[in-house]
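> here's my sequence, what's the structure:
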Amino acid sequence: MRFIELFAGIGAFRLGLENTGHECVWANEWLEKPRSIYARNFGEEPDGRDIATVQPRDLPDADLLCGGFPCATFSVAGKRSGFSLDDTRGTLAFEMFRLARDKGIPYILFENVAGLLNHDSGRTFQIILGVLDAMGYDAQWELLDSQNFGVPQHRERIFLVGNLRGHPRPKVFPLGGADEENVGADEEQEVEVAQWRRGYFRPYRSTGVPTLTANMGLGGHNVPFVTGRIPRDVDVFPTLDGHYWKGIQNNQGRGAVRSVVRPVLDVNRMNKSPNGRMIKDDGDPMYTITAQDRHGVHLEDGEESRIRKLTPLECERLQGLPDGWTEFYAGGTRVSDSERYERCGRTITIPVVEAIGRRLHEFW
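Predicted coordinates:
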């Protein structure tokens with residue numbers, strides 16, 4: 001499919017969809033810093049205009065319009081103002097729908113926080129569905145957890161696919177993750193998975209299984225970790241195929257040792273004892289990573305115990321990004337760690353997008 005990426009950020013939708021054979025023909029991102037990181041990685045800079053000023057004639061022909069419109073107004077970590085005259089971020093969703101309708105783009109794909117489903121007792125999501133319905137789009141959606149798609153992060157996000165009536169409807173949801181068959185019965189939970197069909201819901205049942213968010217660069221919390229064999233005094237990194245960590249041999253040549261690695265909610269509270277912090281058990285999935293950089297791990301090696309922050313590289317890997325994706329701007333200037341944390345927290349998990357991209361290929 002030829003697709004347009006709105007609210008592009010650092011290009012998560014583009015990366016995931018192009019990895020599965022789709023083609024990006026245009027992108028828009030009005031924030032300068034993520035736009036420059038995008039240009040560094042893709043060799044071209046997105047359009048930088050306010051989306052409200054973009055007209056259908058400005059867009060090339062496309063089959064799919066995708067984007068993760070700003071979620072702070074719906075997130076439990078934000079003020080949850082929703083659609084408000086005082087905070088217009090929530091209304092940007094309708095700018096996205098407007099462009100799709102007026103350009104005649106048959107398919108829409110968007111991502112947002114799980115809080116969108118129950119914001120204002122569910123009325124906000126019903127408004128979105130009603131607007132899509134009035135524009136001629138049927139919709140299907142599911143709450144997906146990144147942990148089920150090969151990354152050790154519990155990150156629940158809602159993904160919605162809309163199709164213009166008169167065009168084939170893809171069967172994207174329910175979508176099983178890579179690790180779905182390994183989820184134990186005690187880990188199962190009910191999540192809202194449904195399809196909107198001209199004014200009524202068609203519910204599905206799915207399993208869910210923690211989340212990187214934008215608060216990492218702004219002073220937030222949450223972390224990944226697991227038990228693993230790691231060398232002493234070196235960083236450990238989560239792999240993408242499960243809850244495991246890998247290290248490298250240090251300069252002293254010591255061998256790997258058995259260590260306990262646990263997630264810490266707030267590493268900035270260094271005066272608190274480990275027992276006074278919010279720390280998960282060894283081997284549990286990480287807390288949701290946000291845009292803030294308070295995430296960390298508690299390492300225990302024999303009698304030694306220390307707490308450290310996650311590295312930006314670890315956060316990239318927890319989102320399924322290639323190593324160093326957020327390290328440089330287009331001109332070669334290095335990105336600050338705080339900005340890297342924020343970009344990782346605000347982006348979308350790549351393996352989840354790839355799974356949706358493969359489903360889209362099944363009918364296209």
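> low-confidence ranges in the stretch 201-350 of the chain?
With pLDDT under 70 as the threshold, the stretch 201-350 of the chain has low-confidence stretches at 201-289, 292-295, 297-298, 300-305.
> mind running it again at 80?
With pLDDT under 80 as the threshold, the stretch 201-350 of the chain has low-confidence stretches at 201-308.
> the nearest residue to residue 109 once chain neighbours are set aside - how many residues pack around it?
In space, residue 109 comes closest to residue 66 once its chain neighbours are excluded; the distance is 4.0 Å by CB to CB, 6 or more residues apart in numbering. Where you see a C-beta, it was placed from the backbone N, CA and C, and this is true even at glycine. By other CB atoms under 10 Å, 34 other residues sit near residue 66.
> on the three-state scheme, residue 66 is what?
In terms of secondary structure, residue 66 is strand; the call rests on DSSP: H, G, I helix; E, B strand; the rest coil.
> for it, what are its contacts?
For residue 66, the contact set (CB atoms under 8 Å, 6 or more residues apart in numbering) comprises 3-6, 13, 17, 108-110.
> remind me which residues of the stretch 1-150 of the chain are low pLDDT?
Under the criterion of pLDDT under 80, the regions of the stretch 1-150 of the chain flagged as low confidence span 70-91.
> where do the strands of it begin and end?
Along the stretch 1-150 of the chain, the stretches classed as strands by DSSP state E, counting those that start in this stretch are 2-6, 23-27, 64-67, 107-113, 137-145.
> how about the ones you listed in CSV, adding distance to residue 333?
Formatted as CSV, the strands of the stretch 1-150 of the chain follow (distance: least, CB to CB, whole Å):
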stretch, distance to residue 333
strand 2-6, 24
strand 23-27, 21
strand 64-67, 27
strand 107-113, 29
strand 137-145, 35
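> wait, which of those is closest to residue 43?
Taking CB to CB as the criterion, residue 43 comes closest to strand 23-27 out of these, the separation being 11.7 Å.
> give me the domain ranges for this structure.
Annotated domains of the chain cover 2-211+347-361, 228-326 [automatic domain parsing].
> residue 157 and residue 336, how far apart?
Counting by CB to CB, to the nearest Å, the separation of residue 157 from residue 336 is 26 Å.
> next: residue 150.
The spacing between residue 150 and residue 336, counted by CB to CB, is 29 Å.
> how near is residue 16 to residue 306?
If you measure residue 16 against residue 306 using CB to CB, the figure is 35 Å.
> which one's more surrounded, these two?
Here residue 16 and residue 306 are set side by side on neighbour count (other CB under 10 Å), and the busier one is residue 16, at 23 against 12.
> surely the more buried one meets residue 360?
No. With contacts counted by CB atoms under 8 Å, residue 16 stays clear of residue 360, the gap being 11.0 Å.
> before we move on, back to that, okay, residue 150 and residue 336: which has more neighbours?
Neighbours of residue 150 and residue 336, each counted by other CB under 10 Å, are more numerous for residue 150; the result is 20 against 12.
> from the contacts of residue 66, pick the one nearest residue 167.
Of all the contacts of residue 66, residue 167 sits closest to residue 108, with 11.3 Å by CB to CB.
> beta-bridge partners for the closest one, please?
In this structure, residue 108 bridges to residue 65, residue 162 when assessed by DSSP bridges.
> can you name the residues that contact it?
Applying CB under 8 Å, 6+ apart, we find residue 108 in contact with 64-66, 96-97, 100, 132, 137, 160-163.
> relative to residue 128, how far out is it?
When CB to CB is the yardstick, residue 108 and residue 128 sit 11 Å from each other.
> please apply the same query to residue 56.
The spacing between residue 56 and residue 128, counted by CB to CB, is 20 Å.
> more crowded one of these two?
Between residue 56 and residue 128, counted using other CB under 10 Å, residue 128 has the larger neighbour count: 23 against 13.
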